[in-house]
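J.: only geometry, no sequence info:
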Ligand SMILES: Nc1nc2c(ncn2[C@@H]2O[C@H](COP(=O)(O)OP(=O)(O)OP(=O)(O)O)[C@@H](O)[C@H]2O)c(=O)[nH]1
């Protein structure tokens, strides 16, 4: 399944996120390249479709071939931030193609599937590839997807949390099917990137972990009001 966005599967990795223009009214300094990574079938395309179009297309799984992107403008603290979200193929045979794209990325969303132990065990290998090919200061977020399929869960939430803590990256479980935490994951990334772009040296650093926890509390506190 392919995202419905504007990207070409054969776009050049040298194409900087800022070259995409500013006709949507966003500040060009706040245009960020974000890449979805993780094993084949963990739900990268589905997560992007849910975020972009607010829908989940059930049915047969068709693996991504190569790489493509979708542009999405989000508003953070009344500021428009444009995320250029690249959906990569998880299959091993496309790995050398996708490595070329890591270098220009400001953020990486790394997914595993909570119903697949192998996809979780492979996260360490993904992180070492990231450390090899991506920029040192890239924002990384770990996502345990398919949280709606609780009957088939094989990776505990605590295991995701422990791994994320070990690598010092934020973590949450998501469901591309129900939309659980999908917007929050992308908004947290957008906010972190926006804060980095506008932050003055003497200001305290934005804490993405605290932001995510406060947003989760906000949504659980008010869900039944
Ligand atoms: N129940 C459930 N199914 C999901 C979820 N996310 C994805 N799926 C299903 O899992 C399968 C794989 O999803 P994709 O989004 O194509 O996976 P991908 O990571 O993009 O795979 P590649 O393109 O091969 O890298 C599809 O059948 C989806 O419908 C989810 O959150 N919940």
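T.: On my side now, so go ahead. Quantities reported herein were computed from a predicted structural model and do not represent experimental measurements. Numbering: from 1, shown residues only.
J.: hang on, residue 98 packs against residue 89?
T.: Yes: Residue 98 is within contact range of residue 89, at 6.8 Å (criterion: CB atoms under 8 Å). Heads up, the C-betas are built off the backbone N, CA and C, glycines and all.
J.: is there proximity between the biggest helix by length in the chain and the ligand?
T.: As assigned by DSSP state H, the longest helix anywhere in the chain is helix 182-198. No: interface with the ligand: helix 182-198 contributes nothing (CB under 6 Å from any ligand atom), its closest point being 8.7 Å away.
J.: what sits in contact with each of residue 98 and residue 89?
T.: Residues touching both residue 98 and residue 89 (CB atoms under 8 Å, 6 or more residues apart in numbering) are residue 67.
J.: spell out which helix or strand contains the most centrally placed residue in the chain, please.
T.: A centroid search over the chain (CA atoms, centre = their mean) returns residue 109, at 3.0 Å, as the residue closest to the centre. Residue 109 belongs to strand 107-113 when assigned by DSSP states H and E.
J.: need the next SSE after that strand, C-terminal direction.
T.: With elements assigned by DSSP H and E, the helix or strand that comes after strand 107-113 is helix 117-121.
J.: let me see the contact set for residue 122.
T.: 39, 112.
J.: low-scoring pLDDT stretches of the chain, where are they?
T.: 1-30, 60, 200-202, 204, 220-225 (pLDDT under 70).
J.: residues from it in reach of the ligand?
T.: Near the ligand, when you scan the chain using CB under 6 Å from any ligand atom, you find 1, 40-46, 58, 61, 63-64, 89-91, 145-146, 148-149, 175-177.
J.: from these, list just the buried residues.
T.: Buried by 16 or more other CB atoms under 10 Å: 40-46, 64, 89-90, 145-146, 148, 175-177, out of the residues of the chain next to the ligand.
J.: right, and the residue nearest to the centre of the chain touches residue 185 too?
T.: Yes: applying CB under 8 Å as the test, residue 109 and residue 185 come out as touching, 6.5 Å apart.
J.: count the neighbours of the closest residue to residue 118 other than its chain neighbours for me.
T.: Leaving aside its chain neighbours, residue 118 sits nearest to residue 39 (7.1 Å; criterion: CB to CB, 6 or more residues apart in numbering). Applying other CB atoms under 10 Å, we find 22 residues neighbouring residue 39.
J.: wasn't residue 39 part of a strand?
T.: No: assigned with DSSP: H, G, I helix; E, B strand; the rest coil, residue 39 falls outside any strand and is coil.
J.: check contacts around it.
T.: With CB under 8 Å, 6+ apart, residue 39 has these contacts: 90, 112-113, 116, 118-119, 122.
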